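# Sequence and predicted model, in that order:
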Amino acid sequence: MTTASGRWAVSGRFPIRDVSLYAEIVGQGHPVVLMHGGPSADHWTLAPLRRCADQFTMILYDHRCNGRSVGVPVSSMTWDNLTADADALREKLGFEQWAVLGHSFGGHVALEYALRFPGKLSHLILLDTGGDAHWARQNAAEVMEKRGYSAEKAQLVRRWFTGDFERSEYYRILTSIGSAYYSRNPVLGVARDLADGGWRGKVRPEAHIFAGRHLLKDWTVMDRLGEIAVPTLVMSGRDDFVFPPECQEELAAGIPHARLRIIDHAGHSPHSEQPTETRRALRDFLSAT
């Protein structure tokens, strides 16, 4: 629902196609949909960006089989369904176009969406993501070892991004490799994430395992990046081990006229470690274009 001033304030499950998508819509102004990472995480991982609701309508939702979205088996988590869900949500909310921001795995969904529904997005913001699955599945472990992590942790990273583990191992592996996601003090990073609402998050390990074993195997859109015609911002933390700066340079070079922004003193989630700078970059980009 919207208030008399046109400001959105609504949350809950929305019946979309064959799934019940959980979404929160807050703010006013040009709509910006936030596609969260993981998979297995939910929209609360992007909570620091909610503060842009004073200038934009922020739509945060959980992908099917993630977070609080329910109603379908994990095997339905395909690119066709993930992108069609997003566009059906856009239509249900009554937006002709919206800006699309995707973080990590959500960036993969955002790229697929931009290629499948080119007339429905006004802007594309790619946050710590890549156009090819090999960066996470193969390169991340090598980056870990170069940064001084043990061979054992590098092997856990390989298993993590290929889904080569059982559900019961999810938290143990995440705890073991979790510090690599942050640029500096991981304890401070986790505390900040929790303070921003991360304690509300709902984790679905089966989504991560399925994506690693099936959805992301051999995935790439690098040969189609030239088709993207909307204003695009590629943004990343300089210390991200999953999608490092060379990945961002490759991604930005493939998209016509894309802007590249590397944020210092940030790892895989600059919106968490450097929230003010990340929000400023987002506001500047959307306002300028």
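Arrived safely, thanks for sending.
# Residue 84 touches residue 17, doesn't it?
Yes: assessed by C-beta atoms under 8 Å, residue 84 is found in contact with residue 17 at 6.5 Å. Backbone N, C-alpha and C define where each C-beta goes, glycine included.
# Report how many residues lie close to residue 287.
Residues within reach of residue 287, counting by other C-beta atoms under 10 Å, total 10.
# wait, what's in contact with it?
residue 55 (C-beta atoms under 8 Å, 6 or more residues apart in numbering).
# In this protein, where is pLDDT below threshold?
The model of the chain has pLDDT under 70 over residues 1-5, 185-195, 197-199.
# Try it again at 80.
Across the chain, the ranges flagged by pLDDT under 80 are 1-6, 184-199, 289.
# contacting residues for the residue nearest to residue 117 when sequence neighbours are not counted?
Closest residue to residue 117 apart from its sequence neighbours, by C-beta to C-beta, 6 or more residues apart in numbering: residue 87 at 5.1 Å. The neighbourhood of residue 87, defined by C-beta under 8 Å, 6+ apart, consists of 113, 117, 120.
# what about residue 87, helix or strand, and which?
Using DSSP states H and E, residue 87 sits within helix 79-93.
# what's the answer for residue 60, then?
Assigned by DSSP H and E, residue 60 falls within strand 57-61.
# CA atoms only for that strand - export them in CSV, please.
Taking C-alpha atoms only, strand 57-61 is exported to CSV below (Å, rounded to 0.1, in the frame of the first residue of the first chain):
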residue,chain,number,x,y,z
THR,A,57,11.1,3.3,-4.0
MET,A,58,13.1,0.3,-2.8
ILE,A,59,11.7,-3.2,-3.6
LEU,A,60,13.5,-5.9,-1.7
TYR,A,61,12.3,-9.5,-2.2
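# can I assume residue 266 is in contact with residue 183?
Yes: with contact defined as C-beta under 8 Å, residue 266 reaches residue 183; the gap is 5.2 Å.
# Who has more neighbours out of the two?
residue 266 (26 against 21).
# Setting aside sequence-adjacent positions, which residue approaches that one most closely?
residue 237 (3.2 Å).
# next one: residue 50
Computed as C-beta to C-beta, 6+ apart, the closest residue to residue 50 that is not its neighbour in sequence is residue 58, at 5.8 Å.
# Who are the contact partners of that neighbour?
Taking C-beta under 8 Å, 6+ apart, one finds 25-27, 32, 34, 49-50, 52 in contact with residue 58.
# show me where the stretch 101-250 of the chain has strands.
Under the criterion DSSP state E, counting those that start in this stretch, strands of the stretch 101-250 of the chain are mapped to 121-127, 232-237.
# out of those, nearest to residue 211?
strand 121-127 (18.0 Å; C-beta to C-beta).
# Any chance you could list what contacts that closest one?
30, 97-104, 107, 110-111, 113-114, 228, 230-236, 251, 255, 270-271, 278, 282, 285-286, 289.
# please redo it, this time with the cut-off set to 7 Å
For strand 121-127, contacts defined as C-beta atoms under 7 Å, 6 or more residues apart in numbering pick out 97-103, 107, 110, 113-114, 228, 230-235, 251, 271, 282, 285-286, 289.
# returning to that earlier point: in its sheet, what does the strand holding residue 60 sit against?
strand 19-27 (antiparallel), strand 31-35 (parallel) (DSSP bridges).
# Helix 79-93 and the longest one, what's the angle between them?
With axes from the mean of the first three to the mean of the last three C-alpha atoms, to 10 degrees as the basis, strand 19-27 and helix 79-93 are set at 50 degrees to each other.
# related to what we said a few turns ago, check contacts around the residue nearest to residue 266.
For residue 237, the contact set (C-beta under 7 Å, 6+ apart) comprises 128, 183, 263, 266-268, 270, 273.
# which among the residues you listed gets closest to residue 170?
residue 268 (17.5 Å).
# What ranges does this protein have for its helices?
79-93, 105-116, 134, 140-146, 151-162, 170-177, 186-195, 205-210, 245-254, 270-273, 275-288 (DSSP state H).
# Would you mind naming the residues that bridge with the residue lying closest to residue 90 once chain neighbours are set aside?
Once flanking residues are discounted, residue 90 sits nearest to residue 98: 5.8 Å by C-beta to C-beta, 6+ apart. With DSSP bridges as the criterion, residue 98 is bridged to residue 121.
# Please list all residues in contact with residue 98.
31-33, 90, 121-122.
# thinking again about what came up before, so which of the helices of the chain is the most packed in?
When those are scored by mean count of other C-beta atoms under 10 Å, the highest mean neighbour count falls to helix 270-273 (a mean of 26).
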